[in-house]
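>>> Structure, please.
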Amino acid sequence: MKYEMNYDVVVVGGGPAGVGAALASARNGAKTILIEKNGVLGGQMTSGLVTGFHGMRIHKGYLDSEGNGPYLCVNYETEQVIKGIPQEVVNRLVEQNAACTRKGSASMRVEYDPEVLKWTLFEMMDEAGVDLLLDTFAFDCKMNGTKIEAIKVANKSGEQLIKASMFVDASADGDLAAWSGAPYEMGREEDGRCMPLSLYMLLGDVNLEETMDYLKENPEELHNGKIDKWEKLYNEGSPIDLGGFRSLIMKAFSNDDYPVPVGTSNEYPYPIFFIHTSALPKGYAKLLIDMAYGINITDAKELTQAEIAVRMKQVPGILKFLKKYLPGFEECVLLSTASLIGTRESRRIVGDYKITEEDVLKNRRFNDVVARCGRAMNVHSMGGGKKGEARGGQKWIEPEDPKGFDIPFRALIPQKVDNLLASGRCISTSQMALGSVRGEPVCMATGEAAGTAAALCSKNKVDPRSIDIKVLQDRLAKQGVELGK
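Numbering: from 1, shown residues only. A predicted model of the protein is given here:
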């Protein structure tokens, strides 16, 4: 190793969870470094173009009789269960006219400008005194008994060893937990199959007025909301989401004009298909389509093959479909694709507690709550929707009377390792419950909890299992975190 660095807290991964963890750790007095493989922070929020900050409030009804639902950026009706650092990020974007919501009170889904978010996150890290190592890949760790002594990273300067008393795994994929020997699960129980990969496509020269006219004439083609509602929001300048187009996709499949997704288990796999306008001007649109199934993204060869297949076959094939079949997209041009492929699932730690589907459905409360979640269980098909299946086989499950549920601190503590905390989508959950906690604001909230706890553990020289949970909760509450108490 070339040289060593010493910190109180090391955070691995600069996506939503890592952002929350690093800021919280540094603000609580810990000497903190954040390791990120990309050249910018934000992960899927920026590099992945997943610009819907989704789940700040309790989801109630996928769609009601008026067409209202959790995909609406103007929905403020239910209780806001995520505040703290996620709300601070939203506030900063609103101040720069870069988010479609209100300052101090986020809507159900917040659409924002990812380019503004990039510099905003750098500003926040600079203000908090977080050290950054970008374009740096963490690849292993050095153990001392049941504790991580240091992590190994590589970048343009070669290999380095970074020591600390506490570590936060915000890698999304549970990389550091796996290297440290902590047990983990992945995918569904019967075969380990994970939710699919997607790649956002940004398009120009789109006439969404024509698309909406088509949906007025063919209302059965819209699987979310009512077209009159979307048209009104669109004319008011609000972001919209047009999902569906099943018959057009099936017709294209029959004519060999739609690319068969990688790894599908169905002959004519109807994919989930969404057109977003985001915070974009008219004439632009963003597409979300499930493109690859059954991929283990922790396997470098599988991930490489999926990246190539999606970008070489899926993207041009979908573009051909749009131009030939979808009204309003005849003259569309591909402006860009996300530099980071969209992933929903990989490793989940086996923690001191596993959040279950029942916890979500029962609005369960816990004495060691460190964050809350009101997001429905949004679980995509593992092999593509069957012919005629609604929403591409996506499951949307919520309680009969949604009130939000608690995320207990124990779900952030990996078994068999004493100075590591997990945050983001690699915390301890079942696959179904992951459908709730994988939302960006929830990941940032668990990151804030992990970073705060890591700083307290480092300062007081205790491991996470010995922390005074009341002290941690009081600290989180002072930071503006909603704990439901």
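>>> in this structure, which ranges drop under the pLDDT threshold?
Residues of the chain meeting the criterion pLDDT under 70: 1-3, 62-71, 267-270, 388.
>>> try it again with 80
Along the chain, the parts satisfying pLDDT under 80 run over 1-3, 61-72, 265-272, 278-280, 386-392, 485.
>>> all helices for it, in order.
According to DSSP state H, the chain carries its helices in the segments 16-27, 84-95, 114-128, 175-180, 208-217, 227-235, 246-254, 300-309, 315-325, 357-361, 431-437, 440-460, 469-478.
>>> Show me how far the second one is from its chain's centre.
Which is helix 84-95. Relative to the chain's own centre, helix 84-95 is displaced by 17 Å; criterion: CA atoms, centre = their mean, to the nearest Å.
>>> Likewise for the longest one?
Relative to the chain's own centre, helix 440-460 is displaced by 17 Å; criterion: CA atoms, centre = their mean.
>>> Please apply the same query to the fourth one.
Between the centre of helix 175-180 and the centre of its host chain there is 20 Å, according to CA atoms, centre = their mean.
>>> How about it, which residues are buried there?
By neighbour count, with 16 or more other CB atoms under 10 Å as the criterion, the buried positions of helix 175-180 are Asp175, Leu176, Ala177, Ala178, Trp179, Ser180. For every residue, glycine as well, the C-beta is placed using N, CA and C.
>>> That helix - contacts with which helices or strands?
Under the contact criterion of 3 or more CB pairs under 8 Å, 6 or more residues apart in numbering; DSSP states H and E, the helices and strands touching helix 175-180 comprise strand 137-144, strand 147-155, strand 158-169, strand 347-349, strand 420-422.
>>> go on, the first one?
Contact analysis of helix 16-27 by 3+ CB pairs under 8 Å, 6+ apart lists strand 4-12, strand 32-35, helix 84-95, helix 114-128, strand 158-169, helix 440-460 as its packing neighbours.
>>> could you redo the ones you listed as TSV and give each row distance to Leu322 and mean neighbour count?
Shown next, in TSV, are the helices and strands packed on helix 16-27 (distance: least, CB to CB, whole Å; neighbours: other CB atoms under 10 Å):
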stretch	distance to Leu322	mean neighbour count
strand 4-12	38	23
strand 32-35	38	28
helix 84-95	30	22
helix 114-128	22	17
strand 158-169	39	23
helix 440-460	27	28
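>>> Mind putting the ones you listed into CSV with distance to Leu421?
Below are the helices and strands packed on helix 16-27 laid out as CSV (distance: least, CB to CB, whole Å):
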stretch, distance to Leu421
strand 4-12, 9
strand 32-35, 13
helix 84-95, 16
helix 114-128, 18
strand 158-169, 5
helix 440-460, 4
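>>> Out of these, the one nearest Asp228 is which?
Taking CB to CB as the measure, these were each checked against Asp228, and helix 84-95 came out nearest at 28.0 Å.
>>> could you give the angle of that closest one to helix 469-478?
Orientation check (axes from the mean of the first three to the mean of the last three CA atoms, to 10 degrees): helix 84-95 against helix 469-478 gives 10 degrees.
>>> Please determine how far Ala178 is located from Gly13.
Noted for Ala178: a distance of 13 Å to Gly13, by CB to CB, to the nearest Å.
>>> Number of residues surrounding His380?
Taking other CB atoms under 10 Å as the neighbour definition, His380 ends up with a count of 23.
>>> dump the residue contacts of it.
With contacts taken as CB atoms under 8 Å, 6 or more residues apart in numbering, His380 has the following neighbours: Met195, Pro196, Ile272, Asp290, Arg344, Gly392, Gly393, Gln394, Lys395.
>>> Tally up the residues packed near Val333, please.
A total of 11 residues lie near Val333 under the criterion other CB under 10 Å.
>>> Double-check it against Gly283; I have them as touching.
No: taking CB atoms under 8 Å as the contact criterion, Val333 and Gly283 are not neighbours in contact, 10.4 Å apart.
>>> Any chance of CSV for the helices and strands packed on helix 175-180, columns distance to Phe253?
Shown next, in CSV, are these (distance: least, CB to CB, whole Å):
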stretch, distance to Phe253
strand 137-144, 39
strand 147-155, 43
strand 158-169, 40
strand 347-349, 33
strand 420-422, 40
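>>> what's the closest of these to Arg27?
Closest approach to Arg27 among the helices and strands packed on helix 175-180 is made by strand 158-169 (14.0 Å; CB to CB).
>>> could you check the distance from Lys459 over to Asp205?
When CB to CB is the yardstick, Lys459 and Asp205 sit 55 Å from each other.
>>> What of Ala338?
Ala338 sits at a distance of 20 Å from Asp205 (criterion: CB to CB).
>>> Also Tyr76?
Taking CB to CB as the measure, Tyr76 and Asp205 are separated by 34 Å.
>>> and if you look at Lys416?
54 Å.
>>> can you check Thr304 too?
Here Thr304 is placed at a distance of 32 Å from Asp205 (CB to CB).
>>> who's more crowded, these two?
Here Thr304 and Asp205 are set side by side on neighbour count (other CB under 10 Å), and the busier one is Asp205, at 14 against 10.
>>> Would you agree that one is in contact with Cys332?
Yes: using CB under 8 Å, Asp205 is in contact with Cys332, at 5.4 Å.
>>> Next, show the common contact partners of the two.
Taking CB under 8 Å, 6+ apart as the criterion, Asp205 and Cys332 do not both touch any residue.
>>> can you list the domains in the chain?
With automatic domain parsing as the criterion, the domains of the chain are listed as 4-189+346-378+404-478, 197-337.
>>> Need the winner for burial among those.
Each of the domains of the chain was given a mean neighbour count from mean count of other CB atoms under 10 Å, and the largest, a mean of 22, is that of domain 4-189+346-378+404-478.
>>> now do the same end-to-end measure for it.
Taking CA to CA, to the nearest Å, the first and last residues of domain 4-189+346-378+404-478 lie 35 Å apart.
>>> To Lys386, which of the domains of the chain lies closest?
Within those, the stretch nearest Lys386 is domain 197-337; the backing value is 5.5 Å (CB to CB).
>>> which outside residues touch stretch 103-114?
42, 45-46, 49, 51-57, 59, 70-76, 78, 80, 82, 86-87, 90-91, 93-95, 98-101, 239, 276, 278-279, 441.
>>> Next, the contact list for Met56, please.
Counting by CB under 8 Å, 6+ apart, Met56 has contacts Gln80, Val81, Ile82, Pro86, Gln87, Val90, Ala106, Ser107, Met108, Arg109, Val110, Pro441.
>>> let me fix that: Ser430
When contacts are counted by CB under 8 Å, 6+ apart, Ser430 is found next to Lys354, Ile355, Thr356, Glu357.
>>> which ones are touching the third one?
So that's Thr356. With CB under 8 Å, 6+ apart as the criterion, the residues that contact Thr356 are Thr429, Ser430, Met432, Ala433.
>>> Please identify which of those residues is nearest to Asn218.
When these are compared for distance to Asn218 (CB to CB), Met432 wins out at 32.8 Å.
>>> Arg365 is nearest to which of the helices and strands packed on helix 16-27?
When those are compared by CB to CB, helix 440-460 sits nearest Arg365, at 15.7 Å.
>>> that older thread, right, so of the helices of the chain, which gets closest to Ile148?
Across those, closest to Ile148 is helix 175-180 (CB to CB), at 5.4 Å.
>>> With just CA atoms, put the closest one into PDB.
As requested, C-alpha coordinates have been extracted for helix 175-180 and formatted as PDB (Å, rounded to 0.1, in the frame of the first residue of the first chain):
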ATOM      1  CA  ASP A 175     -19.800  -4.400  -0.500                       C
ATOM      2  CA  LEU A 176     -18.000  -3.500   2.700                       C
ATOM      3  CA  ALA A 177     -20.300  -5.700   4.700                       C
ATOM      4  CA  ALA A 178     -19.500  -8.700   2.400                       C
ATOM      5  CA  TRP A 179     -15.800  -8.100   2.500                       C
ATOM      6  CA  SER A 180     -15.800  -7.900   6.300                       C
END
